[in-house]
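**Q** Predicted model, plus sequence, below.
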Amino acid sequence: MRDALIEAQSLSRIYRRGETHVVALARASFVLNRGDRIALMGRSGSGKTTLLHLMAALDTPTSGAIDWPALGSPDTLLPAKISLVFQTPSLLEPLTVSENVALPLLMAGAADSADCASNVERAVAAALATFGLEALAQKLPEELSGGQMQRVAMARAAVGRPLVILADEPTGQLDHTTGQALLDALIAHLAGTPTALVIATHDPAVAKRMDTVWRVERGVLTETDPTVRRT
Ligand SMILES: Nc1ncnc2c1ncn2[C@@H]1O[C@H](COP(=O)(O)OP(=O)(O)O)[C@@H](O)[C@H]1O
Ligand SMILES: [Mg+2]
């Protein structure tokens, strides 16, 4: 079994708007392995979201190469193998909390028989319990606070036990204690699994809970950790 889940070589993403262009990511090379716990740190506008979207194959690089050696073709990644917790609210408004959390499992066809449907129910109930959301199960997103929405988005990302979870500033809207509780729940949920976790964050307290810090500054991945190779 190969350990490398995502490998990138000299990855760049340049946004062009008319005459101007922004180098959001400049020649980044890295390897994400099974079980990694990475904090992706950098100021606002440094390229964190751009990097996460490239890792999820939601966006294509302007140049360089990215590959998912253990995961297969890029169009099969989301949401079963890689899940992404977006920086902005991303719950589907007409669906309840419980239905939102079930989505990745339904998209993977996990409810195609009666047997499987009860497995989906069980997995959703477990994810809601893990993130302390049982009491909100039947609520609609519009009835939730920003922090509660973030917890639901995290439960939705974790429910299908993907091999990679990419979370874009998931504690950005939460107070310190709530943010740490969310992280506790996520880390407990992932304990003993091969899932790799990458969390974009400004918060050193969040970064401390991860094993490795990747730093991105004006599009340049500068961390000298062994998993980041400079080019
Ligand atoms: N769709 C886009 N079009 C043009 N510029 C963009 C776009 N998305 C991001 N950028 C620019 O790319 C840079 C990196 O953005 P981003 O990856 O969102 O940073 P971060 O997540 O660290 O705040 C910023 O300068 C931002 O303004
Ligand atoms: Mg961002």
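**A** Noted; the coordinates are in hand. Ligands and ions are numbered 1, 2, ... in the order given.

**Q** On the strand side of things, show who residue 31 bridges to.
**A** Using DSSP bridges, the beta-bridge partners of residue 31 come out as residue 7.

**Q** What about it, how many residues nearby?
**A** Neighbour count for residue 31, taken as other CB atoms under 10 Å: 17. In this view, the C-beta of every residue, glycine as well, is placed from N, C-alpha and C.

**Q** That one and residue 75: what is the separation?
**A** Remark: distance between residue 31 and residue 75 (CB to CB, to the nearest Å) = 22 Å.

**Q** cool, and residue 185?
**A** 31 Å.

**Q** and if you look at residue 102?
**A** Residue 102 sits 22 Å away from residue 75 when distances are taken as CB to CB.

**Q** between those two, who's got more neighbours?
**A** In terms of neighbours (other CB under 10 Å), residue 102 is the more surrounded of residue 102 and residue 75; the figures are 23 against 7.

**Q** For that one, what are phi and psi?
**A** Dihedral pair for residue 102: phi -70, psi -20, per degrees, to the nearest 10.

**Q** where does residue 10 fall, helix, sheet strand or coil?
**A** Here residue 10 is recorded as strand under DSSP: H, G, I helix; E, B strand; the rest coil.

**Q** Could you pull up the contacting residues of the closest residue to it other than its chain neighbours?
**A** In space, and not counting its chain neighbours, residue 10 is closest to residue 64: 4.2 Å by CB to CB, 6 or more residues apart in numbering. Taking CB atoms under 8 Å, 6 or more residues apart in numbering as the criterion, residue 64 is in contact with 8, 9, 10, 11, 12, 27, 28.

**Q** how does it look with 10 Å?
**A** Going by CB atoms under 10 Å, 6 or more residues apart in numbering, residue 64 touches 8-13, 25-29, 54, 231.

**Q** try residue 134
**A** Going by CB under 10 Å, 6+ apart, the list of residues near residue 134 reads 97, 98, 125, 128.

**Q** Next: residue 28.
**A** Residues in contact with residue 28, defined by CB under 10 Å, 6+ apart, are 8-13, 47, 50-51, 54, 61, 64, 66, 214, 216, 219-222, 228-231.

**Q** Of the residues you listed, which ones also sit close to ligand 1?
**A** The subset of the contacts of residue 28 within reach of ligand 1, by CB under 6 Å from any ligand atom, is 47, 50.

**Q** could you flag which of the contacts of residue 28 are buried?
**A** Buried residues within the contacts of residue 28, defined by neighbour count using 16 or more other CB atoms under 10 Å: 8, 11-13, 47, 50-51, 54, 61, 64, 66, 214, 216, 219-221, 228-229.
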